[in-house]
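Peer 1: Quick one: sequence plus predicted model below, questions after.
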Amino acid sequence: MTKPRRLTAKQQQTAEQAMRFVQPCIAVFIRRNPDLRIAARRVDLESVALQAVCMAAMTYRPDRSQPTTYFGSAIRHALYREVLKQQRLDGRYIPTERILDPQPALHRTRQEMRALRALRLLSINDRTLLEDRLVEQVTLEQLSLEQRCDPRTLSKRVQRAIAALRQAESDLP
């Protein structure tokens, strides 16, 4: 996890002034993207937008662009990233069992059933990570860019998730 950065007084003042763009940008985002409305309901759009304003205030230079353009695009991009991430997670975990196997117990071995039960005991974050890394074979570099962390940290998280899966499997009756 990265160390939190503090805004300087001038950056904080800029961010406070730019917060007036948050609600209009959210309204335009929802109006222009009707296909993302379902995933957008599951995301706190206002907090994502406020965080984007604070991050943009760190790099904003008034001599290069207008505040409406700079902060509006920062908010819009942050909203897209977060909503698309949520949409991906929704699509992955709502119908997972139906997608993987519509008739679960008919042709699975005892060991496969045991592994699936152990997998259900893991947290949603660990399941997502293991599915991305092991099933879909997404590289650590791609995952680290998506989750904004170091690939070594992600590798350790994958190892911990695998250890938790093994432990959950051994604890099953």
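Peer 2: In hand now; what should we look at? Owing to the predicted nature of the structure, the values given are computational and were not obtained by experimental measurement.

Peer 1: List the residues that contact the residue most central in space within the chain.
Peer 2: Centroid-nearest residue in the chain: Lys85, 4.8 Å away (criterion: CA atoms, centre = their mean). Listed by CB atoms under 8 Å, 6 or more residues apart in numbering, the contact set of Lys85 reads Glu146. (C-beta placed from N, C-alpha, C; glycine too.)

Peer 1: what's it sitting at in phi/psi?
Peer 2: Backbone torsions for Lys85, taken as degrees, to the nearest 10, come to phi -60, psi -40.

Peer 1: for Cys149, helix, strand, or coil?
Peer 2: Look at Cys149: counting by DSSP: H, G, I helix; E, B strand; the rest coil, its state is coil.

Peer 1: What about it, how many residues nearby?
Peer 2: Neighbours of Cys149 under the rule other CB atoms under 10 Å: 14.

Peer 1: Also Leu119?
Peer 2: Counted with other CB under 10 Å, residues neighbouring Leu119 total 16.

Peer 1: any idea where the helices of the protein begin and end?
Peer 2: Ranges of helices in the chain, per DSSP state H, are 9-18, 22-32, 37-41, 45-59, 67-93, 96-100, 110-121, 124-130, 140-147, 151-171.

Peer 1: Would you mark the buried spots in the fifth one?
Peer 2: By that I understand helix 67-93. Under the neighbour-count criterion of 16 or more other CB atoms under 10 Å, helix 67-93 has 67, 70-72, 74-76, 78-79, 82-83, 86-87, 92 buried.
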